[in-house]
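Participant: turn this into a structure:
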Amino acid sequence: MAENDVIAGNDGWLFLAGGANNPLRFYTDPNFFGEAERQGWLELLANRYDQFASRRIAYAHIAPPEKLTIYPEFFPDSLSSYEACPSIALPGAIAANSRRKDLQKVYVDLLPNLAIAKDDGQLLYWKTDTHWTFFGAWQAYLSLCARLCLEPDRQIAFRGFNYGEMVLDLGGKFHPPITEVYKTQHIEKKARRINANSLVSYKEQRQLESVAGLHGGSSVVFFNDSPEADPRRMIIFGDSYAEYRPILLTGLFAETVRELHFVWSARIDWNYIDRVKPDIVVTELAERFMNYVPTDDLDLDVFPQERIAAYEAANP
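Facilitator: Residues are numbered from 1 along each chain as shown. Below you'll find the model as predicted:
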């Protein structure tokens, strides 16, 4: 059964199969993430690595896999080009690139740890949503900590959950909507938010936090003065797999380092980097967006106001 670009799979699993990103093509069309896209990403990561190395900033990139990459067994149809998906093809291209072996230090492959956690019975993605659960984010957090020489705060996993039955992003596309029991981990304990940019303030004042068109450009800063916090300053440029609210990767790293900045963007603002002077930068972009190669021309002094103006023009 399919409805509104969503395919209902086996055992209640729903998969995004169309829409603007059309992620199903990654698994059925070997040219959707082809040579041009792979080379574009290699060049982007190499340029970022060089830029950060010149500033003596530790750098890592992750691509949260599409749910279909992790749970293909629940998809009702064949996936003829499964191994052409970016989560498999890009690490292969990096490993084969003899000129830039340093890129193997930049790209953190999440699939091995996610596969182990899946085999252990952890639910890594919601059945009726496109996003990972706390346990999926937790595995990414552990992988990044290992690469960046950060000590993970393992006590977070024992802080308990809130439960509630909810309509999530894929379930909401059906009529009637399909619900799921949703658990949110208690992450925030030691860190506190000390700054939010104009876009976040605009959303919060008007209760527009879930409006998709107002996500990009959101920026927040968390400070953690606990004695256990790693003394370094960190920036995450990411999307909804990290979140500006402290519920996924942003929350996990805010509990880990002294100062955590999150910017909702696939692009980097190099002026912002030079103002903040971080010790660590992580870029994160979900696999479904990877047939687009970012341009790294973000201007955080301008872009948030442009998003507000565009929203107000469309919603007078």
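Participant: let me see the ranges of the helices in the stretch 51-200 of the chain.
Facilitator: Ranges of helices in the stretch 51-200 of the chain, per DSSP state H, counting those that start in this stretch, are 67-70, 86-96, 103-106, 111-119, 134-148, 198-206.
Participant: go through the ones you listed and name the closest to residue 26.
Facilitator: Nearest to residue 26, of all the helices of the stretch 51-200 of the chain, is helix 86-96, at 6.5 Å by CB to CB. In this view, the C-beta of every residue, glycine as well, is placed from N, C-alpha and C.
Participant: buried ones in that closest one, by neighbour count?
Facilitator: 86, 87, 88, 89, 90, 91, 93, 94 (16 or more other CB atoms under 10 Å).
Participant: same check, this time on stretch 207-227
Facilitator: By 16+ other CB under 10 Å, the buried positions in stretch 207-227 come out as 214, 215, 216, 217, 218, 219, 220, 221, 222, 223, 224.
Participant: from one end of that stretch to the other, what's the distance?
Facilitator: With CA to CA, to the nearest Å as the measure, stretch 207-227 spans 35 Å from end to end.
Participant: with stretch 283-303 instead?
Facilitator: 18 Å.
Participant: same check on stretch 46-62?
Facilitator: Stretch 46-62 has its terminal residues 14 Å apart, counting by CA to CA.
Participant: I'd like the numbering to begin with 410 instead of 1 from here.
Facilitator: Done: numbering now begins at 410, and the last item shifts to stretch 455-471.
Participant: still on that earlier bit, deepest-packed of the helices of the stretch 460-609 of the chain, please.
Facilitator: Compared across these, helix 476-479 shows the largest average neighbour count, a mean of 25 (mean count of other CB atoms under 10 Å).
Participant: could I get the buried residues of helix 495-505 as JSON lines with pLDDT and distance to residue 515?
Facilitator: Formatted as JSON lines, these follow (pLDDT from 0 to 100; distance: CB to CB, whole Å):
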{"residue": "495", "pLDDT": "98", "distance to residue 515": "15"}
{"residue": "496", "pLDDT": "97", "distance to residue 515": "15"}
{"residue": "497", "pLDDT": "98", "distance to residue 515": "17"}
{"residue": "498", "pLDDT": "98", "distance to residue 515": "16"}
{"residue": "499", "pLDDT": "98", "distance to residue 515": "11"}
{"residue": "500", "pLDDT": "97", "distance to residue 515": "11"}
{"residue": "502", "pLDDT": "97", "distance to residue 515": "13"}
{"residue": "503", "pLDDT": "97", "distance to residue 515": "8"}
